[in-house]
Every structure is written in C-alpha cells, then in structure tokens.
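**Q** Predicted structure and sequence below. I'll ask about it afterward.
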Amino acid sequence: MVTTREVSVDDVTTVTHMVAALLAELEGGQVQAGLDTQLAVDLLIKERVYGFLAFAEARPVGIIMLSESAALFARGTYGIITELYVVPDQRSSGIAMRLIEAAVSLGTVKGWGQLELGAPRQPTWSRNRSLAFYLKAGFAEIGPRLKLPLHRLGQSIFAERSTVSQGVRTGRLASGPFLERRDSSNRLLKKSLAGRRLA
C-alpha cells in the first residue's frame, strides 16, 4: 500500500537523496555533488517550499517538491512543481499521480490559482513519457521556460547591471556613474559603469 505525507525537516536526508537521484537521471547518469542538507532545511523552514513523500510500506519511493510564487498573470499566488521523482522500480504504479493529487490538495488549501512545472529541453520533452503523464493529469503545455543562472552572472553581459542592484552604493564621479561594493576579501572596490575600475 502506498501512502503520502507532507515533508518535514526531519526528512531532509531523504529529500536530498531523492532530488539528487532525479538530477542524476536528468543529467544522463552523471552523479551530482551532494546537495546541501542545511539549505534544504532552511528552505523548508523559512521559505514557501513544500513537499510530499510517497512510501511503499516504510520505504520512500517518490517525492514532489513545490514552491509558492505570485504573479499578475496567475491572478495571485500559484504553485510551481520544482521536483517530481519516483524510484525506477515503482514507476507506472500510480505513485506520481498520488503525489500530484497531494500537490493539488495543498494548492487548493493555499488558494493557488494554478500549478506549473518546468520541462526538459525540446525535443527530449516531446519524446518523453512524462509529457503524456502530465497531460493525463490535466496539465496543458504553455510554452518553454528559460533561465538565467545568476550565480554565473559575472560572465554575462548583464554583470554590471546585476552588480548595481547588489552594490553597497552607487553614485556619479567626473568619469561617469560608478558603484561601490566589497570583494571576497572585504576590500572596497569602485567600478565605473563604463567598465573601468576606479579604485
């Protein structure tokens, strides 16, 4: 018999192991570095992050993780499925649908207008069994999602724009706009927004 229950901070080891297995599968078997269990605890405690585990007897066999977001297009808050994973030997047994049902129940209680999820890159997604599963569960395709990894922004054309928002102070010198921020050694740096380092 399969049961589901909401994730708690006591489940953090199970959560991180299952999400790591999902990520390894999505990356073609490349084992991911261990996920940060403290980060998982912090997200579950402080943020609007939720999850459900599925169990066959006492064995964890599936997980769904969600986060709450808000937008005008959604007319308020909505849920985002960030991870959904079922162990390989338990797939096609209804566990994923049970986890989706738990997410729908949570969303209904929280007053979310909808649930969304990201999908693998095309054309992988269109050939993937997951697409048929989500369509069967009532989801509709709304288009691709894109991402801009902010932790690599220093290598991006938007680095200066982002640094301004994270900067300690912005201002204007005779040479033009600048920003001040501290580097990893806590040294004060001034950088011209035109790309010249000032001090």
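**A** Received it, and whenever you're ready, just let me know what you need. Given the structure is predicted, the values throughout are model-derived calculations rather than measurements. Numbering: from 1, shown residues only.

**Q** Could you list the buried residues of the longest strand along the chain?
**A** Counting by DSSP state E, the longest strand found in the chain is strand 59-71. Residues of strand 59-71 classed as buried under the neighbour-count rule (16 or more other CB atoms under 10 Å) are 61-66, 68. Where C-beta positions appear, they are placed from N, C-alpha and C, glycine not excepted.

**Q** Would you give the sheet partners of that strand, along with the direction of each?
**A** As defined by DSSP bridges, the strand partners of strand 59-71 come to strand 49-56 (antiparallel), strand 76-86 (antiparallel).

**Q** can you give me the mean pLDDT across the shortest one?
**A** For strand 49-56, the mean per-residue pLDDT is 96.

**Q** hmm, who's touching stretch 66-78?
**A** For stretch 66-78, the external contacting residues (CB atoms under 8 Å, 6 or more residues apart in numbering) are 47-51, 79-82, 103, 106-107, 110-116.

**Q** For the buried ones among the residues you listed, write the corresponding ChimeraX selection.
**A** Selection of buried members from those for ChimeraX, criterion 16+ other CB under 10 Å:
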select :49,50,51,79,80,81,82,103,106,107,112,114,115,116
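
**Q** Please enumerate the strands of the protein.
**A** Under DSSP E, the chain gives strands at 2-6, 49-56, 59-71, 76-86, 115-117, 169-173, 176-182, 188-192.

**Q** Any chance of JSON lines for those strands, columns distance to A20?
**A** Formatted as JSON lines, the strands of the chain follow (distance: least, CB to CB, whole Å):
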{"stretch": "strand 2-6", "distance to A20": "21"}
{"stretch": "strand 49-56", "distance to A20": "14"}
{"stretch": "strand 59-71", "distance to A20": "11"}
{"stretch": "strand 76-86", "distance to A20": "10"}
{"stretch": "strand 115-117", "distance to A20": "19"}
{"stretch": "strand 169-173", "distance to A20": "40"}
{"stretch": "strand 176-182", "distance to A20": "33"}
{"stretch": "strand 188-192", "distance to A20": "36"}
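
**Q** do you know which of the ones you listed lies nearest L35?
**A** Minimum separation from L35 across the strands of the chain (CB to CB) falls at strand 76-86, 10.7 Å.

**Q** Which parts of this structure are helices?
**A** Assigned by DSSP state H, the helices in the chain fall at 12-26, 37-46, 95-110, 129-136, 159-166.

**Q** just checking, which of the ones you listed comes out with the lowest mean pLDDT?
**A** Mean pLDDT is lowest for helix 159-166 among those, at a mean of 47.

**Q** about what we covered before: take the buried residues of strand 59-71 and lay them out in JSON lines including pLDDT and distance to P88.
**A** Listed next are those as JSON lines, based on pLDDT from 0 to 100; distance: CB to CB, whole Å:
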{"residue": "V61", "pLDDT": "97", "distance to P88": "10"}
{"residue": "G62", "pLDDT": "97", "distance to P88": "11"}
{"residue": "I63", "pLDDT": "97", "distance to P88": "14"}
{"residue": "I64", "pLDDT": "97", "distance to P88": "17"}
{"residue": "M65", "pLDDT": "96", "distance to P88": "19"}
{"residue": "L66", "pLDDT": "95", "distance to P88": "23"}
{"residue": "E68", "pLDDT": "95", "distance to P88": "30"}
